[in-house]
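**Student:** Here is my input; please provide its structure:
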Amino acid sequence: MLNKCIVIFFLFISFMAKAEISEDGKYATLMLQVNLAKYENKSSHCFKQVTDFILPESDMLKLKQMPRETAGVLGKLFDDALYNCAQPEVFNLARAILTLQEQNKVEKSQAISEQIKNIRLLVFPKSTVASAREYENLTENIKTQLESIESLKKPFNPMVIIEKVWGAPQ
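**Tutor:** Numbering: from 1, shown residues only. Below you'll find the predicted structure:
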């Protein structure tokens, strides 16, 4: 993910050198670049927590009492944990994207539109909708149990949980 963002950053720089855009457009683009860099730094810290994740025995026992289908919602809980870890940087990046998107209504630049689209896909993937919908379909009891598990509130490794709790995916 870091490599993709670096490529996007350099595309922005090359675009800025060639494009005729207003000072407001340049400033909004710069703010997006700054916030993207800050997000990348914080995100790296959060992903380090994922690689260092160890599932506590007590949490494993709680999860083992839940149906195997619960594994399908770990994606939503994982996304939530990463977004919470990356605050306020993820919020500031989202705000910078929206600001540049609004400025681009004036600029009408296809290159800016592509950059916004690429960063949004990297940071805010569409797959989160499916896992959020799956989470909402859980019973209130299971949601309450999941929300009480502390290790799911910080960045975690969903595959470690699935393998330790329900066995290797089939």
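
**Student:** Would you tell me what the next helix or strand after the longest helix out of those in the chain is?
**Tutor:** Under DSSP state H, the helix in the chain containing the largest number of residues is helix 23-51. Downstream of helix 23-51, the next assigned helix or strand under DSSP states H and E is helix 57-64.

**Student:** Tell me which other helices or strands the following helix or strand past that next one touches.
**Tutor:** On the C-terminal side of helix 57-64, the nearest following helix or strand under DSSP H and E is helix 74-85. Contact partners of helix 74-85 among helices and strands, from 3 or more Cβ pairs under 8 Å, 6 or more residues apart in numbering; DSSP states H and E: helix 23-51, helix 127-136, helix 158-166. Yep, even glycine has a C-beta here, placed from its N, CA and C like the rest.

**Student:** export helix 74-85 as CSV, just CAs?
**Tutor:** Output of helix 74-85 as CSV, limited to C-alpha atoms (Å, rounded to 0.1, in the frame of the first residue of the first chain):
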residue,chain,number,x,y,z
LEU,A,74,-13.8,-9.8,11.0
GLY,A,75,-13.2,-7.6,7.9
LYS,A,76,-15.4,-4.9,9.2
LEU,A,77,-14.0,-5.0,12.7
PHE,A,78,-10.5,-5.0,11.2
ASP,A,79,-11.3,-1.9,9.1
ASP,A,80,-12.8,-0.2,12.2
ALA,A,81,-9.7,-1.0,14.2
LEU,A,82,-7.4,0.4,11.5
TYR,A,83,-9.4,3.5,11.0
ASN,A,84,-9.6,4.1,14.8
CYS,A,85,-5.8,3.6,15.1
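
**Student:** That helix to helix 158-166, inter-axis angle?
**Tutor:** For helix 74-85 against helix 158-166, the angle by axes from the mean of the first three to the mean of the last three Cα atoms, to 10 degrees is 130 degrees.

**Student:** Show which residue of this protein lies farthest from the average position.
**Tutor:** residue 20 (31.8 Å; Cα atoms, centre = their mean).

**Student:** Distance of it relative to residue 26?
**Tutor:** 10 Å (Cβ to Cβ, to the nearest Å).

**Student:** And residue 56, by the same measure?
**Tutor:** In terms of Cβ to Cβ, residue 56 sits 49 Å off from residue 26.

**Student:** now residue 97
**Tutor:** Counting by Cβ to Cβ, the gap from residue 97 to residue 26 is 16 Å.

**Student:** Between those two, which is the more surrounded one?
**Tutor:** Taking other Cβ atoms under 10 Å, residue 97 and residue 26 do not tie; residue 97 has more neighbours (22 against 14).

**Student:** Could you look up the SS state of the residue farthest from the centre of the chain?
**Tutor:** Here residue 20 is recorded as coil under DSSP: H, G, I helix; E, B strand; the rest coil.

**Student:** All set now, cheers.
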